[in-house]
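Student: Coordinates for the following, if possible.
(4 chains)
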Number of protein chains: 2
Amino acid sequence: MTSPPDQRIPAGLARIGLVLRHHAWAAAGERGLTPTQSQLLAFLDARHRDGLPVSTLAAELALSQPTVSDAVAALDRKGLVARSRSGDDGRVVLVRLTARGRREAGHASRWPDFLLRAIDSLDADERAAFLRGLVKMIHSLQEDGQIPVSRMCPSCDYFRPHAHTDRERPHHCAYVDAPIGDADLRIDCGDHRTADANERPRLWRLFIGGRPPGADVPHPALPES
Amino acid sequence: MTSPPDQRIPAGLARIGLVLRHHAWAAAGERGLTPTQSQLLAFLDARHRDGLPVSTLAAELALSQPTVSDAVAALDRKGLVARSRSGDDGRVVLVRLTARGRREAGHASRWPDFLLRAIDSLDADERAAFLRGLVKMIHSLQEDGQIPVSRMCPSCDYFRPHAHTDRERPHHCAYVDAPIGDADLRIDCGDHRTADANERPRLWRLFIGGRPPGADVPHPALPES
DNA sequence: GGATAGTCTATAGGAGTCCTATGAAACGAG
DNA sequence: CTCGTTTCATAGGACTCCTATAGACTATCC
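Tutor: From the prediction side, this is the model:
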């Protein structure tokens, strides 16, 4: 009855997914929103610019276009977003936060305290290791096309993996022009500039391969096809 | 514009939550189910016994009782579960898988391959570290009452943390009567027997505190109130 | 021993999610 | 100036998820 070895990590992730979902309903509900609406607000807040097309939102949140269309219409009714046709392309509808929307977004994009407390219960090393694991998993999911390429350091034009010899902060971010460590890696960086598609694998290999000495790592690089 | 330090782990978890949600819809949809229905089937499959009350299902899946009532009714219509009044207590309705339900549950409870691949992209050490992080986070969430106490080793009557000196497998499971390591920890063990409430904190402290030598860990134990 | 209080489930009602399949504009190319 | 394509909105259907409440049963207290 011992379950196969790697059912444990997904089980744990699912468990945490449960909390996140539950919290999303509870928190959004208080403010008369739904989880999807909150996510939209948070996403628009992070990259407000001059509005984003419905199709982009759908792709980024991994929802179908009609679902986003629905949700945007609901937010529009509530006066939290405004829609306008793009001048460049008359088919495109740009979605932008209103002032009230921006206020709501502030609440929507705050992580729940209990989750921050949970992360606080890890010490610094554990946090760094955990973050590294997350980054690798997300990378693998992106490779698989299961997830839109996210704005992570190792796919960013400004990222220079292992540019320094400092064990603590081996990498370098050319945007802020400062050395950064594994613990500083961004998952969804506002200043991210996606590197060229041909360039990304090289960046990733550098990031993964260049481990600190003493570890003659046989880095697995995706077992089979 | 650098975001506060611990926004990264939640961002990563949210990202993975996105994939899980998306996959849940896609996979369940193929079989004419919804994510909630799949989860119910999977849960009933894991602890089938003689059926579980609706209220238990609601608590375990962190849903409201009417939501579960609805979903169970839908599964009943599809012939995947059967409902029966409990003999012990005439108010209680026990939900049990039918034969067809058990077959469906097999599909429902398999983790998607791409997730297993993502986990595979971590090496053994990284996996163990990641799993340990998950266990600690889930523990913290349970303490906070954000999540039903899950069937994890460190809250189990059979668990003997640091019973051995072996660095690889320091703990012992009295159920299977074998030494186990951090990498073997269960998140949702079928044979779990929840330890007494007074006993659990001691178990957890032993598990966390008894780190390998060389680490004079100042384990943080929840910063403030 | 019967009224009262508490528990468990189902139902009602309402807004929204999420899908597929279409419809209706607006672009782009021949 | 028409195809064919892209982009968004709508329609329809099954469900999710909530709160509030009704119905059935159990437990408790004079």
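
Student: rest of the way, CA atoms for contacts and neighbours
Tutor: Will do.

Student: Tell me how far the residue positioned nearest the centre of chain A lies from residue A:153.
Tutor: Nearest residue to the geometric centre of chain A (CA atoms, centre = their mean): residue A:188, 4.3 Å. If you measure residue A:188 against residue A:153 using CA to CA, to the nearest Å, the figure is 8 Å.

Student: Could you tell me the end-to-end distance of stretch A:186-194?
Tutor: Per CA to CA, stretch A:186-194 runs 13 Å from first to last residue.

Student: re earlier: enumerate every residue touching the residue nearest to the centre of chain A.
Tutor: A:150, A:151, A:152, B:8, B:11 (CA atoms under 8 Å, 6 or more residues apart in numbering or on different chains).

Student: try it again with 6 Å
Tutor: Residue A:188 makes contacts with A:151, A:152, as judged by CA atoms under 6 Å, 6 or more residues apart in numbering or on different chains.

Student: and it, helix, strand or coil?
Tutor: coil (DSSP: H, G, I helix; E, B strand; the rest coil).

Student: Which pLDDT value belongs to it?
Tutor: We have a pLDDT of 77 for residue A:188.

Student: Would you pull up how far the helix or strand bottoming out on mean pLDDT in chain A lies from the middle of the chain?
Tutor: When each helix and strand of chain A is scored by mean pLDDT, DSSP states H and E, helix A:199-209 comes last, with a mean of 82. Distance, stretch centre to chain centre, for helix A:199-209: 19 Å (CA atoms, centre = their mean, to the nearest Å).

Student: Please apply the same query to stretch A:95-114.
Tutor: Worked out by CA atoms, centre = their mean, stretch A:95-114 lies 17 Å from the chain centre.

Student: okay, how far is it across that stretch, tip to tip?
Tutor: 32 Å.

Student: For chain A, which segments are assigned as helices?
Tutor: A:8-30, A:35-46, A:54-61, A:65-77, A:99-108, A:113-120, A:124-143, A:199-209 (DSSP state H).

Student: show me what contacts residue A:173?
Tutor: So residue A:173 contacts A:158, A:159 (CA under 6 Å, 6+ apart).

Student: Okay, and the beta partners of it?
Tutor: residue A:159, residue A:178 (DSSP bridges).

Student: pLDDT value on it, please?
Tutor: pLDDT at residue A:173 comes out at 85.

Student: and what of the one 5 residues further on?
Tutor: The per-residue pLDDT reported for residue A:178 equals 86.

Student: ok, is the least confident helix or strand of chain A in contact with chain B or not?
Tutor: No. Using CA under 6 Å from any CA of the partner chain, helix A:199-209 never reaches chain B; the gap is at least 10.5 Å.

Student: now the angle between helix A:124-143 and that helix, please.
Tutor: 150 degrees (axes from the mean of the first three to the mean of the last three CA atoms, to 10 degrees).

Student: need the contact list for residue A:171.
Tutor: A:160, A:161, A:162, A:163, A:179, A:180, A:181.

Student: pretty sure the second one is touching residue A:207, no?
Tutor: It stands for residue A:161. Yes. Counting by CA atoms under 6 Å, residue A:161 touches residue A:207, with 5.0 Å between them.

Student: okay, the two: which has more neighbours?
Tutor: More neighbours surround residue A:161 than the other of residue A:161 and residue A:207, with 25 against 21 (other CA atoms under 10 Å in any protein chain shown).

Student: how much space is there between the more buried one and DNA strand C?
Tutor: Distance, residue A:161 to DNA strand C, by CA to the nearest atom of the strand, to the nearest Å: 36 Å.

Student: Could you find the closest non-adjacent residue to residue A:195?
Tutor: Leaving aside its chain neighbours, residue A:195 sits nearest to residue A:157 (4.5 Å; criterion: CA to CA, 6 or more residues apart in numbering or on different chains).

Student: Near chain B, which residues of chain A are found?
Tutor: A:8, A:17, A:118, A:130, A:137, A:140, A:187, A:222.

Student: Now for the second one: which residues touch it?
Tutor: Translated: residue A:17. residue B:17.

Student: Can you check the pLDDT for it?
Tutor: 88.

Student: Tell me how far it lies from DNA strand D.
Tutor: From residue A:17 over to DNA strand D (counting by CA to the nearest atom of the strand), the distance is 11 Å.

Student: same deal with the fourth one?
Tutor: With distances taken as CA to the nearest atom of the strand, residue A:130 is found 27 Å from DNA strand D.

Student: okay, now that residue: neighbour count?
Tutor: 25.

Student: Test my guess that it contacts residue B:130.
Tutor: Yes. Under the criterion of CA under 6 Å, residue A:130 makes contact with residue B:130 at 5.1 Å.

Student: Can you name the residues that contact residue A:153?
Tutor: Per CA under 6 Å, 6+ apart, neighbours of residue A:153: A:159, A:186.

Student: That one and DNA strand D, how far apart?
Tutor: Distance from residue A:153 to DNA strand D, by CA to the nearest atom of the strand: 27 Å.

Student: Likewise for residue A:201?
Tutor: The value you get for residue A:201 to DNA strand D, if CA to the nearest atom of the strand is used, is 27 Å.

Student: how about low-confidence regions in chain A?
Tutor: A:1-6, A:48-49, A:149-150, A:210-225 (pLDDT under 70).

Student: So which residues on it come close to DNA strand D?
Tutor: A:22, A:25-26, A:53-56, A:65-66, A:69-70, A:72-73, A:83, A:91-94 (CA under 7 Å from any atom of the strand).

Student: Around the closest residue to residue A:24 other than its chain neighbours, how many other residues sit close by?
Tutor: Once flanking residues are discounted, residue A:24 sits nearest to residue A:35: 5.3 Å by CA to CA, 6+ apart. By other CA under 10 Å, 18 other residues sit near residue A:35.

Student: contacting residues around residue A:35?
Tutor: A:24, A:25, A:28.

Student: want to throw those into JSON lines with neighbour count?
Tutor: Shown next, in JSON lines, are the contacts of residue A:35 (neighbours: other CA atoms under 10 Å in any protein chain shown):
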{"residue": "A:24", "neighbour count": "20"}
{"residue": "A:25", "neighbour count": "16"}
{"residue": "A:28", "neighbour count": "18"}
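
Student: of these, closest to residue A:123?
Tutor: Among these, residue A:24 lies closest to residue A:123 (CA to CA), at 26.6 Å.

Student: Relative to residue A:189, how far out is the closest one?
Tutor: 22 Å.
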